[in-house]
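*Asks:* Structure for the following, please:
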Amino acid sequence: MPLIGTAGHVDHGKSTLIRRITGRDPDRWAEEKRRGLTIDLGFAWASLPDGTEVSFVDVPGHERYLKNMLAGVEAIGVALFVVAADEGWMPQSEEHLAVLDLLEVTKGVVALTKVDLVDDELVELATAEIAEQLAGSSLEGAPIHPVSGVTGEGIDDLLVTLAVLTGEESPDDGRPRLWVDRSFTISGAGTVVTGSLLGGRLSADDTIEIYPTGRLARIRGLQSHETSHSSVGPGRRVAVNLAGVDHNEVARGDMIGLRGQWDLTSRLAVGLRTARFAGSLDQRGAYQIHVGSGAHRVDIIGLDGEVAVLGTDRSLPLAVGDRFILRDTGRHLVVAGGRVLDPDPGPTRRALVTSAGIDPEKGSAAIATRLLGIRRSDSVQRLAAHSGGGSPREAFVVGDQALDPSYQVELARRAVKLVEGQHRRHPLRPGLPIATLAGRLGVSTQIVEALVDRSGDLTRHGPDVALSDHEAALTEDQTRAWERARERLSQGLAVPDDTDLGVDPEILHLKLRSGDLVRISPGLVYLPEQVEELKAHMASLGADFTVAEFRDVAHLSRKYAVPILEWSDKEGLTVRRGDLRRFR
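*Replies:* Numbering: from 1, shown residues only. Prediction:
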């Protein structure tokens, strides 16, 4: 079920109302009880009239503790907005409503508290004032229930409305995330963290990752509403007992989720909307971004209308659609909020334009497709992390890498041009080496291989890529030059240096590749039949022979004998032991 969160001005009776509904005191600290003032998040639960058990998050109303309020409000699905009938609309009423409006909380009910202290006329005036203040916000038209946390007046009707508002299941996309708001140690159990579970289910023995630190831990046990569970779904307050991590290694503002499902960012493009009382934003201002249960320093890197590029001082596990609040730290005032549009935007000017076309309300597949269209190429895992689990439609996928279809077409076209250029420069070579082509295209060799496999214009010749209709053939003049060189080589084993054969190096390259020549060393090539003759000389020398013995039997100088025998060692034809060799 959606979590229910309170909001409203200090001392308007939020905690008293929660105590009346749940029978539990949400104020956890001794100082809160002594001062009668909520200073941190409180938690409770109750069964609604339809039997549904729901979680409540109670937030502080004093402006001094707004940071703590913001740590708990992001996860709520239903707002329980509290206004005291004896005081009416107050400054923190306005700021808390702004927070809910900026977070786009559309489900809510107003509890007009302390009606036991005023007459009916003042209740009517307060009700009219609240409806007027809600106009134009995400809670416009929300039902208003006069209640008393002391006498219980109106509580039953309020609970019926809450049951209606929480009737929908919390979304479960298989990507659980729990923003940590408390971390502590229990004797005999170890580290326990608490938070509001969203997005998916956690189970005992799951391996979780702590973001952004990357620490891994195992879920030893789960509790919700003081009851142990083997598995807990989204929309509930959860206490998670972790094995393998100390409580000092996880803190408020961290997030736990399944390993590898989330990606970190410290630079993001967002859709930004200013609070209705805040006016325009100044890029040079000092701001904090409140997201999940944390607050972090943030800079406005670029701003264009309702799209901005932000830079945070901490890496955060964010996806498209995640909501946030922007607070001016100088004025201690909520000034804006919005949703993440791109967790990994490109250059600022381009990002301000491209991000404007991302719709967080679209499904995860549509978001992944849009992100890939902007980035042109990205890993499947990152696209899933950034889109909420989506896979891009019609993508060209090679291994874990996805390419936008238009980018695939462009790469294929560029590959053809590069191979054509290679053929013009080196017509006798089989083509362009795959590794070279991949480097010039700026992609992996696996992607090049996949592009070639799909192309009707390109083909592979071993490690090379060629045009499908390309044939490496000698011209008549080149053929004659080769025949002359071949004749010179065949005159004896004391062959001329290959630079003295009078043929283009490209011809030598072609003949070496085709097997019509064998390279022994730089400058030294032989015909295949000459290589067989050299092998025969080695074989004739018996079990062990020296360089000098081979030199004499082959009628060659040391200039030839040494490189030939070194080549035969590398080829495995001979085995060298000291100064002796054995022919294999």
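
*Asks:* Can you list the low-confidence ranges for the stretch 151-300 of the chain?
*Replies:* In the prediction, the stretch 151-300 of the chain carries no residues with pLDDT under 70.

*Asks:* if we go to 80?
*Replies:* Counting by pLDDT under 80, the low-confidence segments of the stretch 151-300 of the chain come to 279.

*Asks:* Helices of that one, start to end?
*Replies:* For the stretch 151-300 of the chain, the helices defined by DSSP state H, counting those that start in this stretch cover 155-165.

*Asks:* now do the stretch 351-500 of the chain
*Replies:* 364-375, 380-387, 405-425, 434-441, 445-454, 476-489.

*Asks:* closest to Leu100 out of the ones you listed?
*Replies:* helix 364-375 (24.6 Å; CB to CB). (C-beta placed from N, C-alpha, C; glycine too.)

*Asks:* Need the contact partners of the closest one.
*Replies:* 173, 320-321, 342, 344, 346, 354-355, 357-360, 362, 378, 383-384, 386-395, 402-404, 406 (CB atoms under 8 Å, 6 or more residues apart in numbering).

*Asks:* Format the helices of the stretch 351-500 of the chain as a markdown table; extra columns: mean pLDDT, mean neighbour count and distance to Val78.
*Replies:* Below are the helices of the stretch 351-500 of the chain laid out as a markdown table (pLDDT from 0 to 100; neighbours: other CB atoms under 10 Å; distance: least, CB to CB, whole Å):
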| stretch | mean pLDDT | mean neighbour count | distance to Val78 |
| --- | --- | --- | --- |
| helix 364-375 | 96 | 22 | 24 |
| helix 380-387 | 96 | 22 | 26 |
| helix 405-425 | 94 | 16 | 42 |
| helix 434-441 | 96 | 17 | 52 |
| helix 445-454 | 95 | 18 | 48 |
| helix 476-489 | 86 | 14 | 83 |
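
*Asks:* Dump these to TSV, plus distance to Trp89.
*Replies:* Shown next, in TSV, are those (distance: least, CB to CB, whole Å):
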stretch	distance to Trp89
helix 364-375	38
helix 380-387	40
helix 405-425	53
helix 434-441	62
helix 445-454	60
helix 476-489	93
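
*Asks:* Pull out the buried members of the contacts of helix 364-375.
*Replies:* Among the contacts of helix 364-375, the ones that count as buried by 16 or more other CB atoms under 10 Å are 320-321, 342, 344, 354-355, 358, 360, 362, 378, 383-384, 386-392, 395, 402-404.

*Asks:* Filter these down to just the ones in strands.
*Replies:* Among the buried ones among the contacts of helix 364-375, the members falling in strands (DSSP state E) are Asp342, Asp378, Ala402, Leu403.

*Asks:* I'd say the second one and Tyr407 touch.
*Replies:* When you say that, I think you mean Asp378. No - contact status for Asp378 versus Tyr407: not in contact, 10.5 Å apart, counting by CB atoms under 8 Å.

*Asks:* show me what contacts the residue positioned nearest the centre of the chain?
*Replies:* Nearest to the geometric centre of the chain sits Asp263, at 3.1 Å (CA atoms, centre = their mean). Residues in contact with Asp263 (CB under 8 Å, 6+ apart) are Pro317, Pro343, Asp344, Gln381, Arg382, Ala385, His386.

*Asks:* ditto for Thr191
*Replies:* Thr191 touches Ser183, Phe184, Thr185, Ala217, Asn241, Leu242, Ala243, Val245, Asp246, His247, Val250, counting by CB under 8 Å, 6+ apart.

*Asks:* which among these gets closest to Asp86?
*Replies:* Among the contacts of Thr191, and counting by CB to CB, the member closest to Asp86 is Phe184, at 37.7 Å.

*Asks:* Write down the beta-bridge partners of the closest one, one by one.
*Replies:* Val192 (DSSP bridges).

*Asks:* Can you list the buried residues in stretch 223-239?
*Replies:* Gln223, Ser224, His225, His229, Val232, Gly233, Pro234, Gly235, Arg236, Arg237, Val238, Ala239.

*Asks:* circling back to that earlier point, so of the ones in strands among the buried ones among the contacts of helix 364-375, which two are at opposite extremes in space?
*Replies:* Asp342 and Leu403 (18.1 Å).

*Asks:* Where do the helices of the stretch 1-150 of the chain begin and end?
*Replies:* Secondary structure of the stretch 1-150 of the chain (DSSP H, counting those that start in this stretch): helices located at 14-22, 30-35, 66-73, 91-102, 120-134.

*Asks:* Check what contacts the longest one and list those residues.
*Replies:* Yep, that's helix 120-134 we're talking about. 83, 85-86, 88-89, 93-94, 97, 110, 112, 115, 118, 140-142, 144, 146.

*Asks:* For ChimeraX, what selects the buried ones among those residues?
*Replies:* A single ChimeraX command is used to select the members of the contacts of helix 120-134 judged buried by 16+ other CB under 10 Å:
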select :83,85,88,89,93,97,110,112,115,118,142,144,146
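
*Asks:* Okay, and which of the contacts of helix 120-134 map to strands?
*Replies:* Among those, the members falling in strands (DSSP E) are Val83, Val110, Leu112, Ile144, Pro146.

*Asks:* buried residues in stretch 335-354?
*Replies:* Neighbour-count burial for stretch 335-354 [16+ other CB under 10 Å]: 335-345, 348, 351-352, 354.

*Asks:* wait, which of those is closest to His423?
*Replies:* Thr354 (37.3 Å).

*Asks:* show me what contacts the closest one?
*Replies:* Ala269, Asp342, Pro345, Gly346, Ile374.

*Asks:* ok, now with 10 Å
*Replies:* Ala269, Val307, Leu341, Asp342, Pro345, Gly346, Pro347, Arg370, Leu371, Gly373, Ile374, Arg375 (CB atoms under 10 Å, 6 or more residues apart in numbering).

*Asks:* Can you give me the domain boundaries for the chain?
*Replies:* 4-165, 177-258, 405-467, 480-583 (automatic domain parsing).

*Asks:* The last one: end-to-end distance?
*Replies:* Taking CA to CA, to the nearest Å as the measure, domain 480-583 stretches 37 Å from start to finish.

*Asks:* if we can go back for a sec, now flag whichever of the contacts of Asp263 is closest to Val531.
*Replies:* For those, the nearest to Val531 is Gln381 (51.3 Å; CB to CB).

*Asks:* Surely Leu326 is in contact with Arg339?
*Replies:* No - counting by CB atoms under 10 Å, Arg339 is not a contact partner of Leu326; they are 11.9 Å apart.

*Asks:* which residues are common contacts for those two?
*Replies:* Leu102, Val270, Leu272, Arg273.

*Asks:* neighbour-wise, which of the residues you listed leads?
*Replies:* The most crowded member of the shared contacts of Leu326 and Arg339, judged by other CB atoms under 10 Å, is Val270 (28 neighbours).

*Asks:* how close does it sit to Arg339?
*Replies:* Distance, Val270 to Arg339, by CB to CB, to the nearest Å: 7 Å.

*Asks:* ok so, going back, and the helices of the stretch 1-150 of the chain, which one averages the lowest pLDDT?
*Replies:* Per-stretch mean pLDDT for these is lowest at helix 30-35 (a mean of 52).

*Asks:* outside of stretch 549-560, which residues touch it?
*Replies:* With contact meaning CB under 10 Å, 6+ apart, stretch 549-560 is reached by 492-495, 520-521, 524, 526, 533-534, 536-538, 540-542, 545-548, 561-562, 564-565, 568, 574, 580-581, 583.

*Asks:* repeat for stretch 433-453
*Replies:* 377, 396-401, 403, 407-412, 414-416, 418-419, 421-422, 431-432, 458-460, 462-466, 468.
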